[in-house]
Every structure is written in C-alpha cells, then in structure tokens.
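Asker: Here is a sequence together with a model predicted from it:
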Amino acid sequence: MKTTLSIIAVLAAATGSLAQNITIPATNGSLPKAGANGCAPGYYPGTDTVIFTVPYTYQQVLSIIGNYTNLTWSGSSANSVTTNNSQALAANNWTPGSARFYDIAGAHVIETITTYSKPANGPYVEIHTVAPLSIPSVNVSFYSDFDGQVWKPICNGAATWSNFTINFCPTNATTAAAVLHQLHTTDAMTVGTFLGGKNFTSCGVLAGGNGTATPSAFGGANGTAASGPSATASPMAYTGDAVGRVSNVLLMAGTAAVVAFVCSSI
C-alpha cells in the first residue's frame, strides 16, 4: 500500500488530481463487485512492485513505451493490439476510458486507462484496470483495479527510473504475484534491450561513461504473496516470437511459485 501511495503522489504532482468517473467497457471489460476482502468471491487481494532503472534518457524510453497500443516491449507482436479509441490511436494522445485489447499466452486482455500523462520531460504515468482474465499455462485467473507504471528521468537525465505497481485480485495469490513480478521485470529489462542492452549501476558510474554492469532490478510482492528480487537477471531480447517469450516467462514464474510454496510447507 505504501508503494501505491508513492505512485499516487507522483501522479498528483504530474497531473494535479486522479481521473474521476471513468467508464470501464461494459462488454467483457467490467470489474467484478468487491466482496468483504476487497475482491470478488473466490479471489484474494495481492499486490506486487517492480522497480527498475535503465541507463537511457527519458526521451529514448518514451520512444519505446509511449504508444499505448504498441506492446512489442511487453511481448506482443507488432500491430496485434487494438483499441476502442480510434481518435486517440491516430493522434497517439490517450485519455481515460481508452481501452486496449490483445491476446497473449492464452489470455484475452482488456486494459482500460484511468490515468495517463506523458509530458515531454517526464514523468510518464499510466494507470489502467485489467479485466478478469485466465492464464491456462499456470492455472490462475486475476483482475486488477490498479495496474500502474511510472517512468521518470534521473542522473541529470542520463538514466530513467521505473516503478510498476499492481494491486490485483487472483484465484491464487502466490502464483499470480510470481507471474506478474516476472512479467513486469522482463518488460522493464526489454525496454533497455531495445535501446542497446546496457545495464545500470549508479549515476556516478554512468557519468563516468560505464553503464554496463549489473542491472538495477529490485522489488517484490507486498501483502499476500511473496516474490523475490531479480538483481542479476539478463535482459531478454525480443526475437519476434511474442507468445513464446511470454510463455517462457510464465513457465519460469509458475515454477518459482511452486518451489516457493513447497519450501514454505517444509
């Protein structure tokens, strides 16, 4: 919850206030009514955060992530994402209520913007909902009323810091947290890969002209599920096999969740 509040603070500074009265698509895009635990019956509350820094400028990062329907950096093939807002598509100017639709790893995904800000000098702020979906390969379903990301320049503009925070309601909190943590970590790393593959250690090292040491990737789930750091992982290059790439991520995350469950039971 603390991390979520920190993102909201960034949003308030960037946009003045959070968007209100957002209309979620009524067909297959609505969120279930919350129960006593904050989630629909059979779902349980969870949250996960990934923080990652790449040694590239905010403008370079924006060239990769700045189009809401271009998710090649997140494992979708080019031109595979559609939207309900053709006007925003033409102008690349996304507004609350804009939804995107895509299929990946056996899941049909509907994500609807609630807050969106893309100033030229940062920070980039995007918050959307995720309609209920199922991932067959790891036997988990979930939905989210807050799936947010912030990208902002640091190191006098030489690097870009990111925060991916999601509050979600899954059928299995441990598995869903592991999957989402791995996906968001890989997403952030892939942005760096697309821009040249250098890794970040510190502003001082970067100022000295060497940005190629161990990447800065840390974070974890807070609350109902655990997910460990990924400080030494290597960036995954996008090869064009979007579904295969995501399937590999899901397999790794699902395996990690099973191992964590077994170890906690011993």
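Answerer: Great, that's in hand. Residues are numbered from 1 along each chain as shown.

Asker: Please, where are all the strands along the stretch 151-266 of the chain?
Answerer: Taking DSSP state E, counting those that start in this stretch as the test, the strands found in the stretch 151-266 of the chain are 159-170, 216-221.

Asker: again, but for the stretch 1-150 of the chain
Answerer: Using DSSP E, counting those that start in this stretch, the strands of the stretch 1-150 of the chain run over 46-54, 82-83, 99-104, 107-117, 124-135, 140-154.

Asker: re the thing from before, and the strands of the stretch 151-266 of the chain, which one is worst for confidence?
Answerer: Within the strands of the stretch 151-266 of the chain, the stretch with the lowest mean pLDDT is strand 216-221, showing a mean of 39.

Asker: Near the closest residue in space to residue 72 that isn't next to it in sequence, how many other residues are there?
Answerer: Leaving aside its sequence neighbours, residue 72 sits nearest to residue 78 (Cβ to Cβ, 6 or more residues apart in numbering; 5.7 Å). Every C-beta, even on glycine, is put in place using the N, C-alpha and C of the backbone. Residue 78 is flanked by 10 other residues according to other Cβ atoms under 10 Å.

Asker: What does residue 78 show for phi and psi?
Answerer: Torsion angles at residue 78 (phi, psi; degrees, to the nearest 10) stand at phi -60, psi 140.

Asker: Looks like it contacts residue 69 (just checking).
Answerer: No. Counting by Cβ atoms under 8 Å, residue 78 sits too far from residue 69 to count as a contact (10.2 Å).

Asker: Report the contact partners of the residue lying closest to residue 141 once chain neighbours are set aside.
Answerer: Counting by Cβ to Cβ, 6+ apart, residue 134 is the residue found nearest to residue 141 once chain neighbours are left out, at 4.3 Å. Counting by Cβ atoms under 8 Å, 6 or more residues apart in numbering, residue 134 makes contact with 106, 107, 140, 141.

Asker: Let's see stretch 47-60 as PDB, backbone CA atoms only.
Answerer: Provided in PDB are the C-alpha atoms of stretch 47-60 (Å, rounded to 0.1, in the frame of the first residue of the first chain):
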ATOM      1  CA  THR A  47       0.000  -6.500  -4.700                       C
ATOM      2  CA  ASP A  48       3.400  -6.500  -6.400                       C
ATOM      3  CA  THR A  49       6.000  -3.900  -7.200                       C
ATOM      4  CA  VAL A  50       9.000  -3.900  -9.600                       C
ATOM      5  CA  ILE A  51      11.500  -1.000  -9.600                       C
ATOM      6  CA  PHE A  52      14.000  -0.900 -12.400                       C
ATOM      7  CA  THR A  53      16.400   1.600 -13.900                       C
ATOM      8  CA  VAL A  54      17.800   1.700 -17.400                       C
ATOM      9  CA  PRO A  55      20.800   3.900 -18.500                       C
ATOM     10  CA  TYR A  56      18.900   5.600 -21.300                       C
ATOM     11  CA  THR A  57      17.200   9.000 -21.400                       C
ATOM     12  CA  TYR A  58      13.600   9.500 -20.800                       C
ATOM     13  CA  GLN A  59      13.100  10.500 -24.400                       C
ATOM     14  CA  GLN A  60      14.700   7.300 -25.600                       C
END
